[in-house]
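J.: sequence? don't have it. structure:
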C-alpha cells in the first residue's frame, strides 16, 4: 500500500490528526469528545501513517514502544484518582484550579484522568496493531 | 483445647517440607505429639469426673454461626483419651512397622491429620465445626486406605470408603442444619434444652433419618457396612487405629452425642435397635467364615459397632452404661488384635489363618498380648470384657418383658460369634505345630510388640479394678449420653445370677464354635456366592449405572463440538425467555410516544439490513468483514441522529480500527468452507430468527414500561455543580464513575498484553523448532 | 423509529446467533461482533431516545435548559464499545495463532478427542 499520494498526505495528516485528537481530549469535559475518542483518533493517525510508510518507519517516529505508554497512562490514572487523598478528601474527588487557563480552559484532576485514558488507549491500540503488523 | 486440634494439623503440614528429616532417627519425635495430648487430656480427667464441662469459644465465621466452640465432657474425654492413647501406641508401632517405607513421612502426615480431625470431631461443640471435622476424618481415612496407591484394590477400596462415608456426611450435614435451624442454635450444648421442641417438630423424622444415614455410613452399619472390610487394604496400623478403635466409632459418638438432643423416641430407639441388631448378628456370623485375619477382625468390628448401636437403641440406663464401657473394652482388645495381626503379617507375610500355626514358639510376647486381648474379647471373668458383656446382658434382660428374651438371644448369638472370632484371630495362629517355613520368624522391634502388650494388659487391669474406669471415665460418659446424672458402680462380681450364667454359657459355646468351626476356602466361597445380592453389589451396579449414564450424557451433550454447545445453550435460553415472556401476558405498544421516522433513517436501516444479509450469506471473507464494518458505520450514523455524538465518534473510530485489524490478520486465511447440509442451515436459521424475535419482544415490552430517570436526572442536574463538566457522558466516565473507567482501561491493557504475548510466544516456539 | 431500532436489534441478534452456530472461527467472531452491536442498540433503545439534543450543557448556562438525551445508556455503550474492541482484537489474534498452529479455520479441527479418556 505504498502510494506516493498517501505518503505525502500522511506527512501532513499525522500532525493534524494528532492535534485534532488533543483538541478532542481537552474539550471532552464540555463538548463531545474525551480521552477515549481522542486516543482512538490519535491511534488512527499513526495507523494511517504506518499504512503509508510502513510500520517500521512509524515506530521510528514514535521512538518508544507503544507498550510503554500503557503503564504511564495507568500511573497517571492512579495518581489523579488518589491525589485527593493527600488533601484529606475521599479518592476520586474532583480537584480544580480556581482560574481557567487560556486555550486549555479549566484544569482539574478530571483532565489528568482523561489524559491517562488517552495514553492507555493509544498504547493499547498501537501495541495490538503494530505487534500484528510487525510479525507477519 | 483448640491447640490440641491444631498441634496435629500444624505438625502434619510441617511434615511436607521436613519429611526427609523425619524419615531418619528423628522419627522418634513423632509419638511425642500424641503422648503430650494424651497427658493433657489425662490431666483433665479429675476435673471432668466432678461433672464439670470444660468449654472454649473462638469466633471463626461468627456471621454464619460457625465458630470454634469446644467442649470437654465425659463422652468427649473418653474419646479424646482413646484417640490420643491408642494413637500413642499406634505411633510407636507404626514407626517400626513402616520403617524405611518410601512414604514414611506422608503416612504420618495423614495419621496426624486424622488424629486432629478426630479430636476436633469429639471436642466440637458447634454442629458445623463438627461436620467439618467429620468430613476431614473421611478424607484422611481415604488417604490412609489408599496409602498403597500402586495397588488397584487399595485405590478402589479407598474410593468406596470415601464415597460411602462422604455421602453419609452430606446427609448428616442436612440433618444437622435442619436441627440447628429448628432449634435456632448451632451450639450442641444449647441443643440439649431444645429436645422437646425438636422431637415434636413435624420434620423430626427427616432429621433423625438424615443423622442416622450419616452415623450408619461412618460406623459401617448394615447396609452400609461393606466399605469397612475393604478398608482393610490400609496398612495395619491404620486398620488398628481408624477402622477399629476410633474413626468408625465416630458414628457411635455422633449417636451418643445426639441421644439427649434427638433421642428417647420410639423412632430413634427402634431404628437403632433394628439396624444395630441386624448388623451385629450378620457380621458376627460372617466373621466366622473368613480366613484372612484382618477380614475376621473387620467383621467382628462391624459386629461390635452393631452392638454399640443396638445398646444406644435400647436406651435404658443400663444400656447406656454398657455402651460407655463397651466402647473402651472394644477399643482396647481390637486395637491389640490388629497390631498382633500386623506383626504376624510383617514377619510371616501371610494373614491366612489356615496357613498360620504354632507361632507361640517364636513370638511369645506377641502371643501373650493376643491371648489377653482374645480373652478380654471373649469376656473371661476378671477381664474388662467380662464387665462389658455383663452390662450388655443386664441391659437386654431388663428391657420390656416381651422383648427382653429376644434381645438377649440376639446378644448371645452375637457374642458367641465374637468369642469365636476373637479366638480365631488371637489364639489360632499361635497354637498347634510350627511349620518349617516359619521357623526363621523372629520377634520384631520392641516398639512393635510392647504397645499391644500394654493395651492388652490394660484390658485386664481395668477388669480387675473396675472402680478406676467406672469413677473416672464411664460414669461421666454415661451421664453425657443420658443427658442426666446416672447412678453407676462398675463391679467385678455381681453375684451368682442369670447374667453370669449367660456370660459363662456364651464363653463355653463360643469356645465350642471355635473348636469345631474350621474356616476354609470352600466355605468362604460359599459365603461369597451369597454376597451376590449384598448391598455392596447393589451399590456397585448402581455405580456402574451412573458411569454408563455419564458416558451416554457426555457423548450426547458434551460432544466436543462448540456449535453444538452453542445450539443447546441458545435453545435453552430461548425456552426460558419465551416462557417468561408468555407469563408476562400480551405486549402493548404505545404508538403515541414513538419518535417520528424520517426518510434518511429508513434508508440507513435498509443499508444496515442489506449489509447484515451479506455478512450472513457471503462466502468471501473480505466481503463479510467489510459488510460488518458497514453495519458499524450505519449504527454510528444512528447515534449521530439520536443525540449521541460521543458514541458516534467512538463507534466510528473503533469500527475503523477493527476493520484494519481484521484485514491485517485475515487476508492470509482460506475462504469460507461450507459443507453443511441444507437442513442444518435451515434449522440454525430458524433458531436464530426465533432468538432475534424473542429479544425484540423483550425490547418492546421494556419500551412500554415507564422510564425511570432518577439517576440520569441526578447526573444532568449536578454535572456542572459537582463536577464542573458540561458533557454529561464524558463527566460520567471520568468523574462520577471514574473508578469503572479506570478498571476498564486496566482491562484494555490486559487485552493488549495478551495480544502482545500471544504473538511473541509464537515466535519463541517457532525459534525452538 | 423505536420500532425500527427494535427490528434492527432483533435482526442483529438473529444474525449473530446464526453465525455463532457455524463452523468457521471467523464467522464465530463476526457473530460475536454482531451480538455486541445488537446489545448496544438494545441499551440505546431502553433509554429514551431523543433527537437533536445531546446531553451537553449549553455554553452560557450551568444547568440544562431543555430536555436532553439520557446520558446513562450512552456512557454504558461507550464503555461497551471500547471493551468490545479489546475483546475483538484479542480474539482475532487468538484466531491467527490457532490458524498458524493447526492451519485451519474450522472449529472441528480443534477437537482432539482423547479416546482413552472416554
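T.: On my side now, so go ahead. Worth saying up front: this structure is predicted, and the values here are computed from it rather than measured.
J.: check contacts around the residue sitting nearest the centre point of chain B.
T.: Centroid-nearest residue in chain B: residue B:166, 3.3 Å away (criterion: CA atoms, centre = their mean). By CB atoms under 8 Å, 6 or more residues apart in numbering or on different chains, the residues touching residue B:166 are B:135, B:138, B:139. All C-beta atoms are positioned from the backbone trio N, CA, C, and that covers glycine.
J.: the second one: what's its closest spatial neighbour, skipping adjacent residues?
T.: To tie it back to what came earlier, the one meant is residue B:138. Leaving aside its chain neighbours, residue B:138 sits nearest to residue B:165 (4.2 Å; criterion: CB to CB, 6 or more residues apart in numbering or on different chains).
J.: how many other residues sit next to the one you found?
T.: Residues within reach of residue B:165, counting by other CB atoms under 10 Å in any protein chain shown, total 29.
J.: in what helix or strand does it lie?
T.: Residue B:165 is part of helix B:152-183, with elements assigned from DSSP states H and E.
J.: residue B:59 too?
T.: Going by DSSP H and E, residue B:59 is in strand B:54-61.
J.: and the helices in the chain?
T.: Since you didn't name a chain, this refers to chain A. A:4-27, A:35-53, A:55-62, A:69-86, A:109-134 (DSSP state H).
J.: switch to chain C, that's the one I care about
T.: Going by DSSP H, chain C shows helices at C:2-20, C:25-46, C:71-102.
J.: for chain A, which of those is the nearest?
T.: helix C:71-102 (4.6 Å; CB to the nearest CB).
J.: mean pLDDT, distance to residue B:362 and mean neighbour count added to the helices of chain A, as TSV?
T.: Output for these, formatted as TSV (pLDDT from 0 to 100; distance: least, CB to CB, whole Å; neighbours: other CB atoms under 10 Å in any protein chain shown):
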stretch	mean pLDDT	distance to residue B:362	mean neighbour count
helix A:4-27	85	94	16
helix A:35-53	88	88	25
helix A:55-62	82	86	16
helix A:69-86	86	77	18
helix A:109-134	87	78	25
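J.: quick one: which of those helices is nearest chain C?
T.: Per CB to the nearest CB, nearest to chain C of those: helix A:109-134, 4.6 Å.
J.: which strands and helices sit next to the closest one?
T.: helix A:4-27, helix A:35-53, helix A:55-62, helix A:69-86, helix B:645-666, helix B:738-768, helix C:71-102 (3 or more CB pairs under 8 Å, 6 or more residues apart in numbering or on different chains; DSSP states H and E).
J.: turn these into TSV, including distance to residue B:341.
T.: TSV is the format used below for the helices and strands packed on helix A:109-134 (distance: least, CB to CB, whole Å):
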stretch	distance to residue B:341
helix A:4-27	83
helix A:35-53	76
helix A:55-62	78
helix A:69-86	67
helix B:645-666	70
helix B:738-768	57
helix C:71-102	58
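J.: nearest to residue B:336, of these?
T.: Closest to residue B:336 of those, according to CB to CB: helix B:738-768, at 62.6 Å.
J.: okay, the residue of chain A positioned farthest from its centre and residue A:108: tell me how far apart.
T.: For chain A, the residue at maximal distance from the C-alpha centroid (CA atoms, centre = their mean) is residue A:88, at 30.2 Å. Look at residue A:88 and residue A:108: by CB to CB, to the nearest Å, they are 17 Å apart.
J.: alright, calling it a day.
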